[in-house]
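Q: Provided below for reference: sequence and predicted model.
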Amino acid sequence: ILPALEGKTSELPARMLFQQWHRGETPERFRSFMVRGPRYKLVHSDTARPGTADKFELFDLQSDPHETTDISKEHPERVAEFKQAYEKWFDDVTGANWQLPRIVVGSEHEK
């Protein structure tokens with residue numbers, strides 16, 4: 001992204017963004033995560049929406065920017081692609097050097 005930060009280009013290469021949220025000290029594979037590509041977004045809702053426990057939802061952000069229509073059944077190959085990318089990312093961020101980051105409230109270094 002350096003050329004974009006330096007103002008040399010306004011275009012960034014296509015890439016996937018990952019987000020995972022959970023409670024507890026150890027991240028769990030395939031629990032409450034999101035993978036967003038340039039056009040599609042895969043969400044594992046876990047308990048985010050009533051009745052969607054353990055369900056993967058796929059949205060086309062171009063035609064459905066408000067994410068109202070799950071298209072995972074129509075695009076199983078896209079779901080598989082995003083799940084595979086998520087697994088690679090999860091393995092990378094929870095590898096051998098992974099440590100739980102601690103946020104200390106009221107330390108001598110931060111108010």
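A: Everything's here; your move.
Q: And the strands in this protein?
A: 17-20, 33-36, 40-44, 56-60 (DSSP state E).
Q: what's the lengthiest helix in the chain in contact with?
A: Residue-count comparison of every helix in the chain, with assignments taken from DSSP state H, identifies helix 76-93 as the longest. Residues external to helix 76-93 that are found in contact with it (CB atoms under 8 Å, 6 or more residues apart in numbering): 16, 18, 20, 27, 29-30, 33, 35, 37, 40, 42, 56, 58, 72. Every residue, glycine included, has its C-beta placed from N, CA and C.
Q: which among those end up buried?
A: 16, 18, 20, 27, 33, 35, 37, 40, 42, 56, 58, 72 (16 or more other CB atoms under 10 Å).
Q: Of these, just say which sits nearest to residue 105.
A: Distance to residue 105 across the buried ones among the contacts of helix 76-93 (CB to CB) is lowest for residue 27, with 21.7 Å.
Q: so where's the protein shaky on pLDDT?
A: 46-54, 100-101, 110-111 (pLDDT under 70).
Q: again, 90 this time
A: Where the chain drops to pLDDT under 90, the residues are 1-15, 20-32, 44-55, 92-111.
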